[in-house]
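1. Sequence first, then the predicted structure, then my questions.
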Amino acid sequence: MSVTAASPHAYLERQARWTWIEVAFWAAALLPFWLTPNYLVLASQIAITALFALSLDLILGYAGIVSLGHAAFFGLGAYTAGLAAKHGWGEPITGLMLGALVAGIVGYAASLIVSRFRHLALIMITLGMGLLLKEAANSASWLTGGADGLQGVKMWPVFNTFRFDLYGYVAYTYSLIVLFLVFLVARRIIHSPFGLSLRGIRENPLRMPAVGASSRAHLRKIYTISAVMAGIAGALLAQTTETVSLASIDFERSADVLVMLILGGAGHLYGGLVGAIIFMVARDQFSGNTPQFWYFWIGTLLVAVVMFLPNGILGGLAKLVSTWRGSFWRGKS
Amino acid sequence: MSALSTRGLDKSFGSLVVASDISFELPQGARHALIGPNGAGKTTLINLMTGMLRPDAGEILLGDEEITALPPEKRVSRGLVRTFQINTLFPNLNALEAVTLAVCEREGMARAWWQRISAYPSAVDEAHAILSSLMLGADCYRPTRELPYGRQRLLEIALALATRPKVLLLDEPAAGVPRDESAELFAAISNLSRDITVLFIEHDMNFVFRFASRIIVMVGGRILLEGTSEEVAADPRVREVYLGKSHHGVRHG
């Protein structure tokens, strides 16, 4: 009867409480400032990619929407922020908001279609929309610079004080803070009644109407939120690198972020973050030696993880930890 | 006024007629059983009434409101709720989360994404109370997939109750539950509030005769007859259907 002794309120509050592992994770995110100050540019790109992966986790890991075209929103955010800065408005914070807004509007429009489909049709639709936007960006070279990329992006200092430097101090600080703030929002969402309903859709879309839920309305909302977050990530990349290339919106980015999320573990909130760290660090290390073999190793890793750790690296760790000391914790609570 | 009624419901898949001219009425607070051999169209009828299938013809009324064209979730929010013959649950949610989800959906709280669930203590309390009333209180923190089968059947009912049904359609609530374990399920159904109108499909004739005030017998997509348990038990056509060539679905006991 030890389990029943806990009240349902205490139980739900415990679910949403910060654990020491989470605190340690975010504390460790500060380590690059001291341990690897030469890699802050990479660190800021990891933070940006992690934010992008987090946005995908909200729709894939929590609502069960598989997308192969999520780079569309990343790219929209990147081009919007980049274009704003190129044409005279280099203020970073409002630039981020602008990128988020544009990605959100397009995301909402796309959600009207996306929320109606599942499985293979959904994958094909997201893939198609991604390819569509990429070609649009490619052919509108008068606006986007096309294959040459968007040049001439000039950023103002953050808060009119912190100028983006060559070593990436400001870039990483800025990216990390934005990542953390968006993460707080994502964390709040998954612990909300809305987040619970999303998990319901993922677990059994058939049951949802039978408990009176309008799954489509939920899916539209989370897809839009996810697009906004992806747009913020894209805008961050444009601002911190002061350029936007077609690579920010192409299929490879959509596929990479999916790989990261699956590696790290979808539906764990931290899965995308861990996946992004592993993917980006590994790419940096491997591609130095043999760039052409980079995807060979990622492919191997992906197959191995999916075969042996179907819930990703975090899912595997969580299972390990819970079997390892499950009886201890259960006895305690 | 009846709680739920249908008029002339027809449904066929190609040349296969699964519902033909189905008309019946459930009075307020009724306890009606829907019986018939496998393939008689009982589950199809529930699917038609709850909106998971669209009828080719006919109409469905909940109270005095016509709901024939309403999507399933809108029927649920108006109080027409079902359970499933095959467990249709949320495997990785625990019972407390699943029932809280249903309560939040009913109250429109599920739109809130900026507040924690713990900010809605009344929803959590109600979910826990529903689970406790069905003897699921002790199991409510275990993931659904780990619950014994009989407990999962109870959770089916708990999820339906969380929507505050006016009319509850129970599709074989004890399907697959060993006979000696079905007692608590039948007890739970017997204890349902008299404010809820109940139509249930069940193959356990002992329970049907004990619990149902009236019985509707379906065969081949049609209503064969409707009557009290005595009338149904005495009817030669029912005996033929059940005891003639097909023993299917009737449990001996």
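-> Received the coordinates, thanks.
2. who are the neighbours in contact with the residue nearest to residue A:229 when sequence neighbours are not counted?
-> Using CB to CB, 6 or more residues apart in numbering or on different chains and skipping residues adjacent in sequence, the residue nearest residue A:229 is residue A:55, 3.6 Å away. No exception for glycine: its C-beta is placed from N, CA and C like everyone else's. Contacts for residue A:55 (CB atoms under 8 Å, 6 or more residues apart in numbering or on different chains) come out as A:70, A:73, A:226-230, A:233.
3. ok, 6 Å please
-> The neighbours of residue A:55, taking CB atoms under 6 Å, 6 or more residues apart in numbering or on different chains as the test, are A:226, A:229-230.
4. Make sure residue A:52 is actually in contact with residue A:257.
-> Yes. In terms of CB atoms under 6 Å, residue A:52 counts as a neighbour of residue A:257; the distance is 5.4 Å.
5. Could you check how far the closest residue to residue B:112 other than its chain neighbours is from residue B:100?
-> With sequence-adjacent residues excluded and distances taken as CB to CB, 6+ apart, residue B:112 is closest to residue A:193, at 5.4 Å. According to CB to CB, to the nearest Å, residue A:193 and residue B:100 sit 8 Å apart.
6. interface residues of chain A facing chain B?
-> A:3-4, A:8-9, A:12-13, A:16, A:189, A:191-194, A:196-197, A:200, A:203-204, A:206-207, A:209, A:211-214 (CB under 6 Å from any CB of the partner chain).
7. Buried only: go through those residues for me.
-> By neighbour count, with 16 or more other CB atoms under 10 Å in any protein chain shown, the residues of chain A next to chain B hold A:8, A:12-13, A:189, A:191-194, A:196-197, A:200, A:203-204, A:207, A:209, A:211-214 as buried.
8. Can you select the buried ones from the contacts of residue A:55 in ChimeraX?
-> Buried members of the contacts of residue A:55, defined by 16+ other CB under 10 Å, are picked up in ChimeraX with:
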select /A:226,229,230
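9. Contact residues of the stretch 1-150 of chain B facing chain A?
-> Close to chain A, as judged by CB under 6 Å from any CB, the stretch 1-150 of chain B has residues B:72-73, B:76-77, B:88, B:90-93, B:96, B:101-102, B:104-106, B:109-110, B:112-113, B:115-118, B:121, B:124, B:128, B:138, B:141.
10. now the closest residue to residue A:231 other than its chain neighbours: how far from residue A:186?
-> Distances taken as CB to CB, 6+ apart put residue A:103 closest to residue A:231, at 2.4 Å, once the chain neighbours are dropped. Residue A:103 is 16 Å from residue A:186, where distance means CB to CB.
11. which ones are touching residue B:128?
-> Residue B:128 touches residue A:8, counting by CB under 6 Å, 6+ apart.
12. please redo it, this time with the cut-off set to 10 Å
-> By CB atoms under 10 Å, 6 or more residues apart in numbering or on different chains, the residues touching residue B:128 are A:7-9, A:11, B:95-96, B:99-100, B:103, B:136-137, B:140.
13. do residue A:161 as well
-> By CB under 10 Å, 6+ apart, the residues touching residue A:161 are residue A:170.
14. and what of residue B:153?
-> B:83-84, B:87, B:89, B:147, B:172-177, B:181-182, B:184-185, B:188.
15. which element is it on?
-> helix B:149-162 (DSSP states H and E).
16. so where is the stretch 151-253 of chain B shaky, pLDDT-wise?
-> B:243-253 (pLDDT under 70).
17. Would you state the helices of it in chain order?
-> Using DSSP state H, counting those that start in this stretch, the helices assigned to the stretch 151-253 of chain B run over residues B:183-190, B:205-211, B:229-234, B:236-239.
18. Break down the stretch 201-333 of chain A into its helices, ranges please.
-> Using DSSP H, counting those that start in this stretch, the helices assigned to the stretch 201-333 of chain A run over residues A:207-210, A:215-241, A:251-264, A:271-289, A:294-308, A:312-332.
19. any idea which of those helices scores lowest on pLDDT?
-> Among the helices of the stretch 201-333 of chain A, helix A:312-332 carries the lowest mean pLDDT, a mean of 71.
20. mind checking how far residue B:60 is from chain A?
-> Look at residue B:60 and chain A: by CB to the nearest CB, to the nearest Å, they are 16 Å apart.
21. Could you pull up the residues touching that residue?
-> By CB under 10 Å, 6+ apart, the neighbours of residue B:60 are B:4-7, B:9, B:22, B:48-51, B:66-70, B:75, B:80.
22. and the helix or strand encompassing residue A:80, what does it pack onto?
-> Using DSSP H and E, residue A:80 sits within helix A:71-86. Helix A:71-86 sits against helix A:40-57, helix A:92-114, helix A:119-139, helix A:141-144, helix A:215-241, helix A:251-264, with contacts defined as 3 or more CB pairs under 10 Å, 6 or more residues apart in numbering or on different chains; DSSP states H and E.
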